[in-house]
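Participant: I'll drop the sequence and a predicted model, then ask my questions.
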Amino acid sequence: MRLLVRVIEARNIPAMDPNGFSDPYVKLQLGRQRYRSKVIKKCLNPSWFEEFYFKVDDLKEELLVSVFDEDMFFNDDFIGEVKVPISWVFEAKDNSLGTIWFSLQPKDKKAKHKDCGEILLTVCLSNNNSLLDVPQFSDSVNLNSPRKTADSLGSSRKSVDSLGSPRKSSPLRPSSPMTVEESVSSREEKLYQTTLAGRIAQMFNKNVDSMPVPTADAAELTQSVKSAGLEDMLPEEISSSVDFEELMKYMEMRDRGGEVPSSLSGGVVVDQLYGIRPQELNSVLFSPNSNFLKSALDVQGSTELVIGPWKFENEGESLKREVSYTKAPSKLIKALKAIEEQTYLKADSKTFSVLACVSTPDAPYGKTFRTEVLYYIAPGPEQPSGEQSSRLVISWRVNFLQSTMMKGMIEGGARQGIKDSFEQYQKLLSQNVKLVDIKDIGSEKDQLLATLQVESQSDSKLAVHFFANFTVISTIFVGLYVLVHIWLAMPSTIEGLEFVGLDLPDSIGELFVSGILILQAKKVLELMSRFMQARLQKGTDHGVKAQGDGWLLTVALIEGSSFAAVDSSGFSDPYVVFTCNGKTRTSSIKFQKSDPLWNEIFEFDAMDDPPSVLEVEVFDFDGPFDEAISLGRAEINFLKSSIPDLSDDYITKMEKEVGKKIRVRSPQTNSAFQKLFGLPPEEFLINDFSCHLKRKMPLQGRLFLSPRIIGFHADLFGLKTKFFFLWEDIEDIRDIPPTLSSMGSPIIIMTLRPGKGFDARHGARTQDAEGRLNFHFHSFVSFNVAHRTIMVLWKARALTPAQKVEMVEEESNSNSEETAVEELDAKNLQVAEEENEPSRLQTEESGCFIGIEDVKMSLAYSSILSLPTSFFMELFRGGEIDQKVMERAGCVNYSHTPWESENSDVYQRQLYYKFDKHISRYRGEVTSTQQKSALPDRNGWLIEEVMTLLGVPLGDYFTLHLRYQVEDLPSRSVGCNVQVFIGIVWLKYTRYQKRITKNILSNLQDRLKVMFSILEREHISGA
């Protein structure tokens, strides 16, 4: 008995990828029989129209249909599944369920997506084993027939909803059903699969209805397999018996030309060139016949090595093998067993990529993580001998399967272990494979630059081209005419004011001609001077190299096109000026060109700071003393491209200037920071501070500092605000004393240069007449540390040496006591940070992002008050009762802004107050943002509040979220029900979280009781 399953289409598939789409495919399983459909890229309503056949041995089995989202490099995401018992099909009319919509169900109740979409299936049984007797699409789906419903399955199917309930089917599209010719062709192809070539092709073509005709290479491969005696083997057995080189050919055949996976976030541990072809290096590292893996593990002290064969899994979709061994004991951990699963991500005869996932379940917390190592082999530059080289790049990361408090310790231990292991690995590989020195063959940059040929320019040809114009020709003609006239004319007598040696014009005509001759001669002399100056201004050549140690920047100027004309000739004399970190390079001048060809190389001398922006401006040359005309300018932002990793020397220099140790954040933290602001992988987070951005209304968020940017992010009541600008864009930073509008906190004002920071203008407080944007930040938890760090980073990046000297002299005259206080604050903050590992910034893998996301709220207080809702809202109206209740509840210096409308029926205001010593012995300050809106369809209000505590220990580690919900009681004439919910967002990790949470909750409950009792007394006294 055979089971036919047609996978037709699906609808309302949830988006699993960041681009808002999914790449769905279907897996089907009955017992040990498994099939897989083709992948539909970027689609939420995919159509497959594929058939699958299963042999049925037991009617008690269930058909499992699962839908997955394909991930190019890592594990595929589960979308939903449906289970269909074979007994349903057997008991149905004509042994067929027909064409029915089934609801896809999540694996468990905790799944992120509850609604997983629906899938349209045709399921039927056939007693005849012949494929020719199986009904085709046209037999089971009539385009004009009424839709089948789940009711046709009978009342005995009540449990179907728990397994994936059938829904009404919809008619297939007219172009979707298979024609008779397609059906016959499909049957012929299935018959072809009974041959060995068919089996091999089936491994790479799961879509049976689109089986390709075997090529000559496939036929040759089939013949080689036949000669090996593998004709009668199953596909799963073939992969373990075929030679490794043949498996690589299979991988090359099925390669879809996808992108090469990027290096993992933990860092690169090996990046080396070898004098061997990529295919040969791949065989050395991963071939079953190679002894390199065994030798590498022996050097590392590992024992009990078991290497499994390479096998195709998922019907030929992936090539994997399993390696197990016992790792040598270390000082802290005993010997333990490691299981390494190696998977080929790419193999196309030129590049190879293998992902190794290492699990150590016996290690402490070993079940919470696994170590991933990515091997990438690519063609290297050609050697001087003409032979090809290979580049091997190995990167790693720790992938946490569960959250754990020991995350930092695990990452640190893994980092050291990976470093030691691959130092031995690289040393052993260099003994087996010849190393290639990059200096011997030149870097990729040198090879690229060597291909540039400077345009040959003859001075005589340029002179003819430059001086061949009306002005020069007319001047030469007139000059010759005058010389001939002088030769033919007789000397005139001395008249008027003339004397010997001075001959003045004797008429207006002579004066006019003399003036023209002088102007013409002057213009020709200027042209000659301009030409000589331009020829002296040469561009750099390939032999000029940068000097010093530091950050090197090389620019290749190739060509220009369609430059604007600035004179009557229709051409210009362009040259290019490059500026980076205050240093400039100038190209040669191209005469009378609108599409110049330069092919010139410029290398900037070593810079102490990593480059952020390269400014490129094209000018028209108009002489050495005239102001050049700009033809256009552009900025190359290195933050949106890739440069080498930032060095440790930069961090060391910043530590000395800031006066505190800068701890490099974890790879997960930096990765989340980079994704938030769209930064390249080498940009890392130095520090972040909780603060307020002052605009029309203060906005609570966080300020992020990195070597090249300063960024701000806020997510308040679902409204997200983020921007960043470069340190070089800042013209001035100053701080002003506390004001009432800044809630008693000093304000840091950053002024950008004219025309800079255009993308961040929505965060600016003001903009002056010259286009300078002003950003105001205040309410820092530790103002001294924040201000010191900001100033040091700005001085290191944006100021000229003269400005730095001037600022140092000003600071030397400042109060030494203030400096001591700042150093003490910095030291205290350093101690606090070293005791705690910040874990607020996490990657998408853990489902968390930077900022304030939806908070898990819990009920903190609930009560029924003997006052109407209208009077209770006096607590939030900013009047006399509001002021009196807050002051009696221990909130001194209470101030607030008026309510302002954010949108329809939603209002917002800011609060500031200090705690009385009875509330907090630290007498901390509170800045708060409140938002109120009416409850829909009820007589009540909803008040949301976000609070930041200043001046209390670890106040920068969390924010408080409160929600007041108040509504009238219909059963009572005067009375309201009040519920207060609380949520805490932890911005950084601390081991005192439980203690702090308990203390905050207790304090809040006591304060709410006092506030509401005072409010009730005010209502009674007022009545």
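Facilitator: Thanks, I have the structure now. Residues are numbered from 1 along each chain as shown.
Participant: domain ranges for the chain?
Facilitator: As given by the TED database, the domain ranges for the chain are 2-126, 244-254+261-442, 643-805, 858-1021.
Participant: tell me the average confidence for stretch 519-535?
Facilitator: Averaging pLDDT along stretch 519-535 yields 73.
Participant: elements contacting the host helix or strand of Leu355?
Facilitator: Leu355 belongs to strand 352-359 when assigned by DSSP states H and E. Contact here means 3 or more C-beta pairs under 8 Å, 6 or more residues apart in numbering; DSSP states H and E; on that basis strand 352-359 packs against helix 278-286, strand 336-347, strand 369-379. Every C-beta, even on glycine, is put in place using the N, C-alpha and C of the backbone.
Participant: what number of residues lie near Ser973?
Facilitator: 8 (other C-beta atoms under 10 Å).
Participant: rewinding a little: show me how far the strand holding Leu355 is from its chain's centre.
Facilitator: 23 Å (C-alpha atoms, centre = their mean, to the nearest Å).
Participant: so what touches that strand?
Facilitator: Strand 352-359 is contacted by residues 73-74, 260-261, 278, 282, 285-286, 338-347, 366, 370-377, 399 when judged by C-beta atoms under 8 Å, 6 or more residues apart in numbering.
Participant: what's the angle from that strand to strand 336-347?
Facilitator: On the basis of axes from the mean of the first three to the mean of the last three C-alpha atoms, to 10 degrees, strand 352-359 is oriented at 160 degrees to strand 336-347.
Participant: what average pLDDT does stretch 297-305 get?
Facilitator: pLDDT averaged over stretch 297-305 gives 89.
Participant: now do the buried residues in that stretch.
Facilitator: Within stretch 297-305, the residues that count as buried by 16 or more other C-beta atoms under 10 Å are Leu297, Gln300, Ser302.
Participant: quick check: end-to-end length of it?
Facilitator: 8 Å (C-alpha to C-alpha, to the nearest Å).
Participant: cool, stretch 757-770 as well?
Facilitator: Stretch 757-770 end-to-end distance (C-alpha to C-alpha) = 13 Å.
Participant: torsion angles phi and psi at the nearest residue to Ile79 once chain neighbours are set aside?
Facilitator: Among residues not flanking Ile79 along the chain, Val67 sits closest, at 4.3 Å (C-beta to C-beta, 6 or more residues apart in numbering). Main-chain torsions, Val67, degrees, to the nearest 10: phi -110, psi 130.
Participant: picking that back up, show the buried residues in the contacts of strand 352-359.
Facilitator: Using 16+ other C-beta under 10 Å, the buried ones in the contacts of strand 352-359 are 73, 261, 278, 282, 285-286, 338, 340-347, 370-377, 399.
Participant: ok, the strand holding Leu355: who's next to it in the sheet?
Facilitator: strand 336-347 (antiparallel), strand 369-379 (antiparallel) (DSSP bridges).
Participant: need the contact list for Pro574.
Facilitator: Contacts of Pro574 by C-beta under 8 Å, 6+ apart are Gly560, Phe563, Ile589, Lys590, Lys593, Pro596, Val618, Phe619, Asp620, Phe621, Leu631.
Participant: show me which of the residues you listed has the smallest pLDDT value.
Facilitator: Phe621 (74).
Participant: what's the burial count for it?
Facilitator: 22.
Participant: I'd assumed Ser588 was in contact with it.
Facilitator: No. Phe621 lies out of contact with Ser588 (C-beta atoms under 8 Å); the separation is 10.0 Å.
Participant: which one, of the domains of the chain, ends up nearest to Glu600?
Facilitator: domain 244-254+261-442 (18.8 Å; C-beta to C-beta).
Participant: so how far is that closest one from its chain's centroid?
Facilitator: Using C-alpha atoms, centre = their mean, the offset of domain 244-254+261-442 from its chain centre is 25 Å.
Participant: repeat that for stretch 928-940.
Facilitator: 37 Å.
Participant: what is the neighbour count of the nearest residue to Asn670 once chain neighbours are set aside?
Facilitator: Nearest non-adjacent residue to Asn670, counting by C-beta to C-beta, 6+ apart: Phe684, 4.9 Å away. If you count neighbours by other C-beta under 10 Å, Phe684 ends up with 20.
Participant: now swap in the one 4 residues further on and tell me
Facilitator: Residue crowding around Asp688 was assessed by other C-beta under 10 Å; the count is 24.
Participant: checking it next. Helix, strand or coil?
Facilitator: Secondary structure state of Asp688, per DSSP: H, G, I helix; E, B strand; the rest coil, is strand.
Participant: show me the contacts for it.
Facilitator: Asp688 sits in contact with Arg702, Leu703, Phe704, Leu705, where contact means C-beta under 8 Å, 6+ apart.
Participant: ok, what's across the strand from the last one?
Facilitator: Note on Leu705: beta-bridge partners Asn687, Ile710, judged by DSSP bridges.
Participant: wait, it touches Asn687, no?
Facilitator: Yes. The criterion here is C-beta under 8 Å, and Leu705 meets it with Asn687 at 5.0 Å.
Participant: what touches both of these two?
Facilitator: Thr789.
Participant: just the pLDDT for Tyr992.
Facilitator: 81.
Participant: what about it, neighbour count?
Facilitator: Applying other C-beta under 10 Å, I find that Tyr992 has 13 neighbouring residues.
Participant: for it, what are its contacts?
Facilitator: Contacts of Tyr992 by C-beta under 8 Å, 6+ apart are Leu954.
Participant: and the gap between it and Tyr957?
Facilitator: 9 Å (C-beta to C-beta, to the nearest Å).
Participant: export the domains of the chain to TSV and append columns for distance to Val484.
Facilitator: Converted to TSV, these look like this (distance: least, C-beta to C-beta, whole Å):
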stretch	distance to Val484
domain 2-126	80
domain 244-254+261-442	63
domain 643-805	58
domain 858-1021	88
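Participant: of the ones you listed, give the one that comes closest to Ser529.
Facilitator: domain 643-805 (32.9 Å).
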